[in-house]
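Colleague: task: produce atomic coordinates for the following.
(chains A and B)
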Amino acid sequence: MPSAASEGDMRVIYRGAEADLLRGRWCGSDAVFKFRRPFIYRLKVLDDAIRRQRTAREAEMIHDAKRSGARTPLLYFVDPANALIVMQWVKGRRLKEAVSSLPPEGLERVFAELGGEVARLHASGIMHGDLTTSNVLLDNDDDKSNDKELTLIDFGLAIRTTRLEDRAVDLRLAKETLTGAHSEVASKAYAALLEGYGGEVGPGEVRDVTRQVAEIERRGRYARVE
Amino acid sequence: MGRSVVGIESTAHTFSVAVASIGGKILSDVREVYTPPEGSGIHPYLASLSHVKAAPRVLRDALLTSGVAQGDIDAVAYSMGPGLGPCLRVGAVVARSLALSLAKPIVPVNHAIGHIELGCLLTATEDPLVLLVSGGHSMVVAFSYGRWRVLGETLDLTLGQLLDQFGRHAGLSSPCGMQVEGAASKSSRFIPLPYTVKGNDVSFSGILTTAKKLLDGGEGFEDICFSIQETAFAMMVEVTERALAFTGKKEVMIVGGVAANRRLARMMELMTRRHSASFHVVPLRFSGDCGSQIAWTGHLAHSKGVTAPVEEALTRQSWRLDQVDVPWRD
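Modeller: Model prediction:
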């Protein structure tokens, strides 16, 4: 771990495809140290450029997303040259792990809430770029209260955009992840997500964006043209 | 020889017939590959003519060299799609004729699933995360709830098309993968190209456009080949790694024509090492299109009662693998 040191011990809490997450302390607060590892299979010059760019972008986008009202971690420290971000430690577990244990009504509520969150992000001109269930933290998962809170994380592929196409790409990835990894609840969860999305931006907008999702799917290789 | 299934493949440039035993032995696999003139791609009609000419010999050789008696044949399987219409129709006609003359059931097979199932057989993998990379496909798939599910794919060109179309622009003849790989191995000069990852999906069209411009602008062919491979392969491996971290699969397999590329396989191997997953590459001889993928998958499907009446044994040019029910896996 380069440059920034935690106060006290750090321990690895997650090894993702792209980054390692370590938990430690930063200026008296619980913190997560997100370090984008070098990819040994990638040419160094290319790898360095990508890690630097994504680190800087993630920090910018996490910050900007807050303006939309989305819950994202607070940033404590950013070091693009070393591909490191130190941010607030957020309680909760990944939606991916929670999906299978959620009761049907809980599932729909969570995905509707997620849809609303994504809609607000889009309305403020940000595309998340990696809307998988790994990148949503679910708080208050254990108790029975209704105020479940979602936190969006991993903005490394986010971009500033207002294009319909980009918003649709976001939703299509969510759909692809649901179908690919949560097949048993995919259609219910996706429908709830769209409902939450529509609740935020209105039925006209949700119609446009789902039409564009269908258009992207039609462009898919060997997709049947209906 | 025991019971066997005949498989007929004709989705694109290859016309092939193979015989596989139901125990998983490839008893014969005969192929004829149509090669387009230099600088041009597969012309579907010309490829189908080549298939028509090749079919009688390929079929006869495959049946004779397999050593299988007519009575041992359980079924005739063929590539129903996806692929080039004229080419697919040649395979379907041969399959229907053979099935009718032998009085055997016809088993339609999805070509992409054929690549995967043959890969699983030959690499002895059970439940792998699969990177399918060829002229027709560039996708990351895993089996879940009765179907092969797509976890990431190209949004435009496939890796095979990227290498072919750039190669053809440089005056080579399709398929160009091996020549591009050879040229790339002679350079280590990297020229930045668009690196486009969108979530779990990738886009190669920006690389192709930029690479063509670079070549027209006088950059070295070998340097561009090197840069294309380093950029495009890294993108593909990155989304595979994301899917691997996401699914937690314990096996990773690479199949399809581009699986023959050693640089791509090496990058995949380096990636999987970090995860506790084993890495498998389909043997070179069976990475590209072949009858074996159809014969073996045909057997798997036939064992679960998948057949088609003759009048429905047609072709489907557009037929995504995630639309196919797979009753032979749990």
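Colleague: which positions in stretch B:86-106 come out as buried?
Modeller: Buried positions in stretch B:86-106, judged by neighbour count with 16 or more other C-beta atoms under 10 Å in any protein chain shown: B:86-96, B:98-99, B:104-106. From N, CA and C alone the C-beta is placed, and that goes for glycine too.
Colleague: okay, buried residues for stretch B:205-223 please.
Modeller: So for stretch B:205-223, counting by 16+ other C-beta under 10 Å, buried means B:205, B:207-208, B:210-211, B:214-215, B:221-223.
Colleague: cool, and stretch B:164-180?
Modeller: Buried residues in stretch B:164-180 (16+ other C-beta under 10 Å): B:164-170, B:172-177, B:179-180.
Colleague: so A:L194 sits against A:T210, correct?
Modeller: Yes: using C-beta atoms under 8 Å, A:L194 is in contact with A:T210, at 6.4 Å.
Colleague: so for those two, which sits in the more crowded spot?
Modeller: Legend: neighbour count by other C-beta atoms under 10 Å in any protein chain shown for A:L194 and A:T210, higher for A:L194 (22 against 18).
Colleague: phi first, then psi, for the more buried one.
Modeller: With angles defined as degrees, to the nearest 10, A:L194 sits at phi -70, psi -40.
Colleague: centre-most residue in chain A?
Modeller: Of all residues in chain A, the one closest to the mean position by C-alpha atoms, centre = their mean is A:N135, 3.7 Å from it.
Colleague: returning to that earlier point: inside strands: which ones of the buried residues of stretch B:164-180?
Modeller: Using DSSP state E, the subset of those located in strands is empty.
Colleague: show me what contacts the residue nearest to the centre of chain A?
Modeller: A:94, A:128, A:152-154 (C-beta atoms under 8 Å, 6 or more residues apart in numbering or on different chains).
Colleague: mind checking pLDDT for it?
Modeller: pLDDT, A:N135: 93.
Colleague: and what of A:D147?
Modeller: 54.
Colleague: regarding chain A, what is its longest helix?
Modeller: helix A:44-67 (DSSP state H).
Colleague: run through the neighbouring helices and strands of it.
Modeller: strand A:29-36, strand A:75-79, strand A:84-88, strand A:126-127, strand A:159-160, helix B:221-247 (3 or more C-beta pairs under 8 Å, 6 or more residues apart in numbering or on different chains; DSSP states H and E).
Colleague: which residues touch the first one?
Modeller: Taking contacts as C-beta under 8 Å, 6+ apart, the residues outside strand A:29-36 that touch it are A:1-2, A:4, A:6, A:10, A:13, A:18-25, A:51, A:54-55, A:73, A:76, A:82-90, A:156.
Colleague: quick check, nearest of the buried residues of stretch B:86-106 to chain A?
Modeller: Chain A lies nearest to B:L88 out of those, by C-beta to the nearest C-beta, at 12.1 Å.
Colleague: wait, what's in contact with the closest one?
Modeller: Contacts of B:L88 (C-beta under 8 Å, 6+ apart): B:10-11, B:79-81, B:315-317.
Colleague: let's have those residues in a markdown table, adding distance to B:Q229, secondary structure and neighbour count.
Modeller: A markdown table is the format used below for these (distance: C-beta to C-beta, whole Å; DSSP: H, G, I helix; E, B strand; the rest coil; neighbours: other C-beta atoms under 10 Å in any protein chain shown):
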| residue | distance to B:Q229 | secondary structure | neighbour count |
| --- | --- | --- | --- |
| B:S10 | 30 | coil | 36 |
| B:T11 | 25 | coil | 26 |
| B:S79 | 29 | strand | 34 |
| B:M80 | 33 | strand | 27 |
| B:G81 | 30 | strand | 23 |
| B:T315 | 34 | coil | 24 |
| B:R316 | 33 | coil | 20 |
| B:Q317 | 30 | coil | 18 |
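Colleague: circling back: so the longest helix of chain A versus strand A:29-36, what angle?
Modeller: 140 degrees (axes from the mean of the first three to the mean of the last three C-alpha atoms, to 10 degrees).
Colleague: residues of the stretch 51-200 of chain B that sit close to chain A?
Modeller: The interface of the stretch 51-200 of chain B toward chain A, taken as C-beta under 8 Å from any C-beta of the partner chain, is made up of B:81-82, B:136-137, B:139, B:142, B:144-145, B:147, B:149-156, B:158, B:190, B:192, B:195, B:197-200.
Colleague: please indicate which of those residues are buried?
Modeller: B:81-82, B:136-137, B:139, B:142, B:144, B:147, B:149-156, B:158, B:195, B:197-200.
Colleague: low pLDDT regions in the chain?
Modeller: No chain specified, so I'll use chain A. A:1-5, A:140-148, A:224-226 (pLDDT under 70).
Colleague: wait, chain B
Modeller: Using pLDDT under 70, the flagged stretches of chain B are B:1.
Colleague: would you map the helices across it?
Modeller: B:44-66, B:85-102, B:111-123, B:159-169, B:177-184, B:205-216, B:221-247, B:262-274, B:291-303.
Colleague: which residues belonging to the longest one are considered buried?
Modeller: So that's helix B:221-247. Here helix B:221-247 shows B:221-247 as buried, counting by 16+ other C-beta under 10 Å.
Colleague: which of those residues are close to chain A?
Modeller: With C-beta under 8 Å from any C-beta as the criterion, the buried residues of helix B:221-247 include B:230-231, B:234, B:237-238, B:241-242, B:244-247 near chain A.
Colleague: widest-spaced pair of the residues you listed?
Modeller: Maximum pairwise distance among those (C-beta to C-beta): 26.0 Å, between B:E230 and B:T247.
Colleague: one step back: need phi/psi at the residue nearest to the centre of chain A.
Modeller: phi -100, psi 20.
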